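Colleague: Fold the following for me, if possible:
(one chain, ligands or ions: 1)
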Amino acid sequence: MKTYSLCSIFILVIFSQSVFSQTSEDPEIKKMITEVKAENLEATVRKLVSFGTRHTLSDAKSKTKGIGAAQKWVQSEFEKYALESNGRLTTKIDYFTVKADGKRITADSRVGNVMAILEGNDPTDDRVLIVSGHLDSRVSDVMNTKSDAPGANDDGSGVAAVMELAKIMSKRSFPVTIVFVAVTGEEQGLYGARHLAEFAKENKWNIIAMLNNDMIGNSLSSGTNLRDNTQIRIFSETIPYLETEEEAKMRKATNRDNDSPSRLLARYIKTVTEQYVDQLKVKLVYRNDRFLRGGDHTPFSQNGFTAVRFCEMNENFDHQHQDVRTENGVKYGDLPEFMDFDYLRKNTCSNLATLSNLAWSPKAPVNVGIEVKNLSNSSTLIWSAPEDKPSFGYQILMRETSSSHWEKIFFVKDTKAEIPYSKDNYFFAVQTIDSLGHASLPVFPVPIR
Ligand SMILES: [Zn+2]
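Modeller: Numbers count the residues shown, from 1 in each chain. Take a look at the predicted model:
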C-alpha cells in the first residue's frame with residue numbers, strides 16, 4: 001500500500017517512506033514475533049493430547065486425564081507466566097453451569113473457561129481485547145466422553161496459540177486489557193464463549209476486538225491433497241448480527257455492506273499480518289463461518305461485539321471429529337503427527353501482530369463523517385479526536401468500491417481533510433495512529449449534510 005500525507009487540507013505530499021504510517025514497524029512487535037516458537041507450540045499441543053480426551057463432559061476430577069486435568073494444567077501454565085508479569089496477569093477457571101439442553105448436554109453440568117487477564121496499565125482506558133481457543137475436544141460421536149479425543153488441531157492449535165501469546169505479551173505492558181481464554185463447551189454448543197460474551201455484555205466490557213482461533217495448525221487438505229501454509233482465512237460477518245433499524249437504514253444509505261466492524265477488523269488483521277509476518281497472507285472470507293460449522297466468535301457477534309475467526313486455509317476432515325483409527329489404510333483422528341507447527345507459528349504471529357498493535361493503539365476517532373452537502377469531485381472527511389485529547393495523527397484509508405482491501409493511506413495531523421478523489425467512487429475510513437505506527441481500528445464515516 002502506498003502512503004500519502006496530507007500536510008494541509010489541499011496539499012497532497014507523497015512520502016515514499018513515511019514514519020507516520022502503518023508501514024513503519026515497531027521494533028518491539030518485531031522482537032515479540034521472533035519469540036513465538038514452533039517447538040513451544042508443538043510441546044503444548046502434545047501435552048494437551050496427553051490428557052486422553054478433553055470432552056466437555058469428560059472426567060473433571062482425575063489429575064491426569066480428562067477436561068478437569070487439562071483445565072488445571074492450562075491454568076498452572078498461565079500462573080507461571082504471571083510470575084514475570086509484574087503482578088498484572090491474573091488467572092482463574094471461571095466455572096459455570098450449563099443446563100441440560102436435550103441435545104448435546106444431557107444433564108446440568110459444571111464447566112469452566114480457563115482465563116488469564118493481562119490488566120491494562122492505563123486506568124483511564126477501558127478497552128478490552130479477547131483472544132480465544134477452545135480446550136474441549138471430541139471424536140466421531142459428539143456424546144462420547146470416554147474415547148481418546150486428541151484434539152491436537154481442533155483446537156489444541158488455538159489453545160497453544162493463546163498460551164504462547166499470553167506468555168510473550170504478559171512480559172510487556174499495554175494500556176488495553178487483554179483476556180487470553182481457553183473456553184470449554186464449544187463442541188457441545190459454544191457454551192463457554194456464550195457465557196463469556198454474555199458476562200462481558202452484562203458488565204459493559206468495552207471489547208474492541210475478539211479473535212477466535214479454531215483450527216489454525218493444519219496445512220494439508222483432505223480430498224484434494226493441496227497443501228497451503230502461506231495463507232490464513234479470516235471469517236467476518238457481513239451484516240452485523242445485531243443491527244438496529246436505524247443502523248440498517250444507514251448501511252443501505254452509505255452502501256456499507258462490506259464494512260461491518262468485524263470486516264474492518266479483518267482488514268486490519270490483513271494489514272498488520274502482511275506487514276509483520278513473513279510468508280503469510282490473510283485471506284478475507286466474506287462470511288461469518290463455514291457451512292454447517294460454528295465457532296466461538298459467533299456468540300460475541302450475537303452480543304454486538306466485533307469478532308472474527310482465524311481458520312487454516314485447508315481443512316482435513318480425516319483429522320477432525322474422528323475416532324482415532326485406521327480404515328482401508330487411511331489414518332483418521334486429530335493427532336499431532338498431522339499438524340504443521342511452523343504454520344501454527346505464523347498464525348500465532350498474525351494474532352500477535354494484531355493484538356499488540358491494537359493494545360498499543362490510541363483510541364479510535366469519534367464522530368467520523370463525510371460531507372455530502374455539495375456536489376464535488378473530492379471528498380471531505382471530518383472527525384473529532386478521541387476524548388478531545390490531541391493525537392499524533394490520523395490515517396484516512398481509501399479503496400475502490402469494488403476492492404476488498406484498502407489501497408491508499410493518507411496521513412493527516414488535522415481532524416479534517418479534503419481528499420482529491422470523488423466520494424462517489426471510493427470507500428473511506430479513518431483511524432488514529434501514534435508515532436510508532438500503532439493504529440486504532442478504522443471508523444467508517446456517516447454522511448454529513
Ligand atoms: Zn473447533
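
Colleague: Tell me if I'm right that Ser173 and Glu84 touch.
Modeller: No. In this structure, Ser173 is not within contact of Glu84 by CB atoms under 8 Å, at 11.8 Å. Placement of C-beta: from N, CA and C, glycine included.

Colleague: Tell me which of these two has more neighbours.
Modeller: Ser173 (16 against 10; other CB atoms under 10 Å).

Colleague: Can you tell me, leaving aside adjacent residues, what's nearest to the more buried one?
Modeller: Asn121 (4.5 Å; CB to CB, 6 or more residues apart in numbering).

Colleague: how far away is the residue of the stretch 251-400 of the chain found nearest the ion from Ser132?
Modeller: Minimum separation of the stretch 251-400 of the chain from the ion (CB to the ion) falls at Gly295, amounting to 6.8 Å. Counting by CB to CB, to the nearest Å, the gap from Gly295 to Ser132 is 9 Å.

Colleague: likewise Leu190?
Modeller: Where Ser132 is concerned, Leu190 sits at a distance of 11 Å (CB to CB).

Colleague: cool, and Thr254?
Modeller: Distance from Thr254 to Ser132, by CB to CB: 32 Å.

Colleague: Over to Gln71?
Modeller: Taking CB to CB, one finds Gln71 at 14 Å from Ser132.

Colleague: near the ion, which residues of this structure?
Modeller: 154-155, 214 (CB under 5 Å from the ion).

Colleague: I'd like the next helix or strand past the lowest-mean-pLDDT helix or strand in the chain.
Modeller: Across the helices and strands of the chain, mean confidence by mean pLDDT, DSSP states H and E is lowest for strand 12-14: a mean of 37. Note on strand 12-14: by DSSP states H and E, the next helix or strand toward the C-terminus is helix 27-35.

Colleague: what comes up buried for that next one?
Modeller: For helix 27-35, burial by neighbour count (16 or more other CB atoms under 10 Å) applies to 29, 32-33.

Colleague: helix or strand right after it?
Modeller: Counting by DSSP H and E, what follows helix 27-35 is helix 38-49.

Colleague: So which bits of that next one are buried?
Modeller: 38, 40-42, 44-49.

Colleague: what kind of secondary structure is the nearest residue to Thr56 once chain neighbours are set aside in?
Modeller: Here the nearest residue to Thr56 in space, its sequence neighbours aside, is Asp136; by CB to CB, 6+ apart that works out to 4.4 Å. At Asp136 the chain is in coil, as set by DSSP: H, G, I helix; E, B strand; the rest coil.

Colleague: neighbours of Asp136, just the number please.
Modeller: Asp136: 28 neighbours (other CB under 10 Å).

Colleague: got the CA coordinates for stretch 301-319 in CSV?
Modeller: Taking Å, rounded to 0.1, in the frame of the first residue of the first chain, the C-alpha atoms of stretch 301-319 are listed here in CSV:
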residue,chain,number,x,y,z
SER,A,301,-21.1,-11.1,17.4
GLN,A,302,-24.6,-12.0,18.6
ASN,A,303,-24.0,-9.9,21.6
GLY,A,304,-22.9,-6.9,19.5
PHE,A,305,-19.1,-7.3,19.7
THR,A,306,-16.6,-7.0,16.9
ALA,A,307,-15.3,-10.6,16.4
VAL,A,308,-13.7,-12.8,13.8
ARG,A,309,-12.5,-16.3,13.3
PHE,A,310,-9.0,-17.4,12.3
CYS,A,311,-9.0,-20.7,10.5
GLU,A,312,-6.5,-22.6,8.5
MET,A,313,-6.6,-22.3,4.7
ASN,A,314,-7.1,-26.1,4.2
GLU,A,315,-9.1,-28.4,6.4
ASN,A,316,-8.5,-32.1,6.7
PHE,A,317,-11.8,-33.9,7.5
ASP,A,318,-10.0,-37.2,8.2
HIS,A,319,-8.4,-35.4,11.2
